[in-house]
Structure formats: C-alpha cells, structure tokens
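1. here is a sequence together with a model predicted from it:
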Amino acid sequence: IAIGRLSRALEFDLPTLEASIFRRWIPRTVNQWQLACFARTLIETSDDHKQLEVTDKVLLWACDRYNQIVDPKVGNPDVEPTERDILDFFIRTSFEQFPYQGGHFGNEIARAFLLFEEIAAAARDEGFDVSESFEKISGLSVRDFMLLGVAYWAQAGKPIPSPFTSSVESLKGTLTPENQFKFLALASTDYKGFRACQAVQDKRLGFERFEFNCLNTFPLIRSDRFKGLLCPIPTLLLRRFTRGIYYYLRDAYSKGGRDNEFSTFFGKSLFERYVGEQLRSYFPPEKVLGERDIGNSAKTCDWIVDDDEFVLLIECKTTGLTVEAKSFADAAVLEEDLKRRIVSGVRACERTRLAIEKGESDLGRFAGKRAINLIVLYDEVYLFNSPPYRNIVDAELKNVEDLMQAAWGKGKPEFEGLLKTAREGVERDLLGRP
C-alpha cells in the first residue's frame, strides 16, 4: 500500500509530495523502478498477513540503499571494466528505468485504441479478426477491456474493492461484476500465482534488479487481508491494458516457434498501417509511398517518404529484443536479436536505396536524393544509436554482399532533426484524437 501510494504520487508528480519527506530527494533518489523492485521482492518473500507496515522513512532508506547496489560487471574497484562492460551496463539500466520515464499516458491509450480497435476493424478482411480473437481470450471486447483498465488504473494508489462501483453513468454498463471478473482473470493474480510466475524467470546472481518483474504481467495483486486488490505500480497497469493487448494475442497464437498468425498479421496489417497513417498526417499524402515490387521477387521497404531534400526509407518491425537481451545484455544474445530483428530491416532499406540508384520500378524519380534509413519499432529499444548497437549492425551489414555501400548513420544532424519534427507530429496527432 505504501509503495502504491508513493508510485501514484510519482506517476503524476502530485502536490502531496510537497509535504512529504521525499520532496527534497526526488528525483535524485526515489523512482518507480526502485519501487517496482521492492514490490516484487516483498511479494516473493513476505505474505499477505504481515501486520508491520512500511513507512515513508523506511522506503526512503531502501531507495537510497538501492542506488548503492554494485553492478557485478562495472562496480568492482579491483577490475577495470571494458568498454563493452560499460555499454552493456547502460543497456541493462535503460530497460530497467526508461519504461517508467515516458509519461504521455494519453499517447499510450490513444495508440492502443487506434491499433486494436480502429485499424483492426478496417483490416478485418485481411485474414484475422482482432476483436473476435481477443473476445475469445478474455470474454471482453477490446474497448471494454481498455475501459475496465482505465477504471482500475484511476483507483490505483490505494486498496481497490473487488468488484467496485463507479458513479460515472456511462461506465456502469461496462463495470459489471461479471466484466470485472473477466478483466481480473487476465490482469491480476494472488501472492501464490505471482511467486509461480517469478520462479520461472531467468535469475542471475548480482543481476537481481534487472530480471523480469511479473508485475508487468500481473499489475494487480489480490489481497486476502484487504478483501480486494493492490496495485503497487500503477504505470505497469496502464501498460498492461494498452501495450499488453499485443502480448495477450501473441501468446494465445504462439505455436512454440516463430510462426505466429497474429504476430504476422499485426506487423503487416496493423502496425505498418498505423505508421503510414501517422506519416500521412504529417507529410502530404502524395509524398508517402507504400511497399512495392522491384523485380526478382524483391520488395522495397514498407514506406518511402519523398521530401524536397531527401528520401526517407522506413521499415516497420514489431519486436526489438528478447527479455533475456534486455535484462542481461549478453553479447551473443544481443547480437542474435539484432541480426534477426533489426538488421533485416536495415537490409530492406538498403535494398530500396540501391533500387532507387538503378532506377527500378517507378523509383527513378528519387535518384540523386540523399536516402535516410529509419527503422520503426513497436517494441521499445533504447540507446539504439549507441555504440553497442551500431557496431553490431554495421558489422552485420558489411557481411552482406549486396549491400556494398551501407548508408547507415549518414546525415546524423538532419536525421535527428527529422525525428524531432516527426515525433512532434505523431504526438500532436495522437493527443488530438478522441
């Protein structure tokens, strides 16, 4: 309860923090990723009937101690870390911390609604019905699942009755006890269920704070003591009823290998189309071209944007890195993930650039313009332009015979400027949607 209260205050930077002992420390010491680690550890090692409650002073002490944890690879004063050790540490740290620093809650909700409700409805005749499939999994429509998620998220920061009622008239038809039970069957578990989830996660001595936290899977914890629900980290609940829709469907259609009916459909019919809609909302529609054949059974990248001074080559990818790569940044796993998921996207962009130079299909009109490659991911990959990623990608590109002149990394100032303006356009569009 104490963690949930503080996490909610941090999430919204609530004025109540002004009167708290935390104000003089935030943001230097107290952060949500620390609280998420504490909550995970308490559920794993304690039980639901402890009478001793955690005070703010104890939490502050714990956060301060958390910041003094020594990383096994870079914290030993007797061993000089290599450049790779340092960069791997930053990769692990980015996935530990950055998901809590994004903000823009409206963007997450709007993006999920656009992808899984509006765009999914338009793409229903392309071989996969998202609404019908999700209802088979959950017993709820995507819309009702998200509405229930918002309702529970709004209650987070204190014990939540289960089921609970709302005074909002328009929600009463959705917030029925039956619907709440269906929602909680996906988003909640008890102490025993949480421990079972955490027990099968990859664990490595010294890297405990980086291991996968099952609060990502079950952000709501059923409490026998309070006869209701606890939400230690409300931000993780928000992510579960937005980004989590993809993972519910992906896992339901997993066959144990790479062949996944939903993932294939999502990448091509939903996410790629979503990126195209955002591009057309910022650039003149006639300047945005979709994928096309370039002969010999080859295709261009997913989107080509014609600008006055350059041509932007965009490839969309659903997944970035596996949980193992994000948590522990093992060199071999990281390189394999990048090779399989990211490098293939860069190859598609380079294949398109070479087709432009050769004047194939109707691409000759772009000849002479500087080409900029852009990989757009649904998954989160941080520090992508940092040396550990760039070195791997560059090395892989050099091994591809048909990509003799990789343009990766050229035009960095212009590239960053483009990203800034495109990001502003995307955010403006999302925030302007109902």
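-> Okay, I see it.

2. okay, CA-based contacts and neighbour counts for the rest of this
-> Fine.

3. check contacts around V54.
-> Contact analysis of V54 by CA atoms under 8 Å, 6 or more residues apart in numbering lists A2.

4. pretty sure it belongs to a helix, no?
-> No. Counting by DSSP: H, G, I helix; E, B strand; the rest coil, V54 is not part of a helix but coil.

5. that one and I1, how far apart?
-> As for V54, its distance to I1 is 8 Å (criterion: CA to CA, to the nearest Å).

6. ok, now F105?
-> 22 Å.

7. who has more neighbours out of these two?
-> Neighbour totals were compared for F105 and I1, and I1 leads with 16 against 13 (other CA atoms under 10 Å).

8. could you pull out the strands for the stretch 201-350 of the chain?
-> In the stretch 201-350 of the chain, the segments counted as strands under DSSP state E, counting those that start in this stretch are 220-223, 228-230, 288-290, 293-295, 298-299, 303-306, 310-317.

9. in TSV: those, plus mean neighbour count, distance to P163 and mean pLDDT.
-> As requested, these are exported to TSV (neighbours: other CA atoms under 10 Å; distance: least, CA to CA, whole Å; pLDDT from 0 to 100):
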stretch	mean neighbour count	distance to P163	mean pLDDT
strand 220-223	23	12	92
strand 228-230	22	8	90
strand 288-290	16	47	93
strand 293-295	14	54	83
strand 298-299	14	52	88
strand 303-306	23	46	94
strand 310-317	22	39	92
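
10. which among these is found nearest to S7?
-> S7 lies closest to strand 228-230 among the strands of the stretch 201-350 of the chain, at 12.2 Å (CA to CA).

11. and that closest one, how far out from the chain middle?
-> Strand 228-230 has its C-alpha centroid displaced from the chain centroid by 25 Å (CA atoms, centre = their mean, to the nearest Å).

12. burial check on N213, number of neighbours?
-> Other residues near N213 come to 21 when the count uses other CA under 10 Å.

13. quickly note the distance from it to T82.
-> From N213 to T82 the distance is 28 Å (CA to CA).

14. and I109, helix, strand or coil?
-> Under three-state DSSP, I109 falls in the helix class.

15. got it, and the one 10 residues further on?
-> Three-state assignment for I119 (three-state DSSP): helix.

16. which helices and strands does the strand or helix carrying D88 pack with?
-> For D88, the enclosing helix or strand under DSSP states H and E is helix 83-97. Judged by 3 or more CA pairs under 8 Å, 6 or more residues apart in numbering; DSSP states H and E, helix 83-97 is in contact with helix 323-328, helix 387-398.

17. in the stretch 251-400 of the chain, where is pLDDT below threshold?
-> 257-258, 387-388, 392-393, 395-400 (pLDDT under 70).

18. what about 80?
-> 255-259, 295-297, 331, 339-342, 360-361, 383-400 (pLDDT under 80).

19. where do the helices sit along it?
-> 261-265, 272-282, 323-328, 331-337, 344-358, 387-398 (DSSP state H, counting those that start in this stretch).

20. would CSV of these with mean neighbour count be doable?
-> Conversion of the helices of the stretch 251-400 of the chain to CSV gives the following (neighbours: other CA atoms under 10 Å):
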stretch, mean neighbour count
helix 261-265, 18
helix 272-282, 19
helix 323-328, 21
helix 331-337, 17
helix 344-358, 22
helix 387-398, 17
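
21. and A156, which of these is closest to it?
-> When those are compared by CA to CA, helix 323-328 sits nearest A156, at 26.7 Å.

22. any idea how far the closest one is from the chain center?
-> On CA atoms, centre = their mean, the centre of helix 323-328 falls 14 Å from that of its chain.

23. got a list of contacts for it?
-> By CA under 8 Å, 6+ apart, helix 323-328 touches 88, 91-92, 95-96, 202, 207, 210-212, 330, 333-334, 337.

24. of those, select the buried ones using a PyMOL command.
-> Only the buried entries of the contacts of helix 323-328 go into this PyMOL selection, using 16 or more other CA atoms under 10 Å:
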select buried, resi 88+91+92+95+96+210+211+212+333+334+337
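
25. do you know how far the closest residue to L321 other than its chain neighbours is from D259?
-> Nearest-residue entry for L321: D337, 5.6 Å, with adjacent residues in sequence omitted and distances by CA to CA, 6 or more residues apart in numbering. D337 is 16 Å from D259, where distance means CA to CA.

26. any chance of the helices of the stretch 251-400 of the chain in JSON lines, plus distance to K192?
-> Output for these, formatted as JSON lines (distance: least, CA to CA, whole Å):
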{"stretch": "helix 261-265", "distance to K192": "31"}
{"stretch": "helix 272-282", "distance to K192": "39"}
{"stretch": "helix 323-328", "distance to K192": "23"}
{"stretch": "helix 331-337", "distance to K192": "31"}
{"stretch": "helix 344-358", "distance to K192": "41"}
{"stretch": "helix 387-398", "distance to K192": "39"}
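
27. so which of those is nearest S297?
-> That would be helix 344-358 among the helices of the stretch 251-400 of the chain, by CA to CA, at 12.3 Å.

28. mind giving me the packing neighbours of that closest one?
-> strand 310-317, strand 370-377.

29. and the gap between C349 and L321?
-> Taking CA to CA, one finds C349 at 20 Å from L321.

30. check N107 too.
-> Counting by CA to CA, the gap from N107 to L321 is 22 Å.

31. then E178?
-> Between E178 and L321 the distance is 37 Å, computed by CA to CA.

32. so which of the two has more stuff around it?
-> Per other CA under 10 Å, whichever of E178 and L321 has more neighbours is L321, with 21 against 11.

33. right, and the more buried one touches Y382 too?
-> No. The criterion here is CA atoms under 8 Å, and L321 misses it with Y382 at 10.2 Å.

34. where along the stretch 51-200 of the chain do the helices fall?
-> Counting by DSSP H, counting those that start in this stretch, the helices of the stretch 51-200 of the chain are 56-66, 83-97, 105-113, 120-122, 130-138, 142-155, 177-187, 191-199.

35. packing partners of the last one?
-> Identification of packing neighbours for helix 191-199 by 3+ CA pairs under 8 Å, 6+ apart yields helix 32-45, strand 220-223.

36. now for the ones you listed, which one comes closest to L363?
-> Of all these, the one in closest proximity to L363, counting by CA to CA, is helix 32-45 (47.3 Å).
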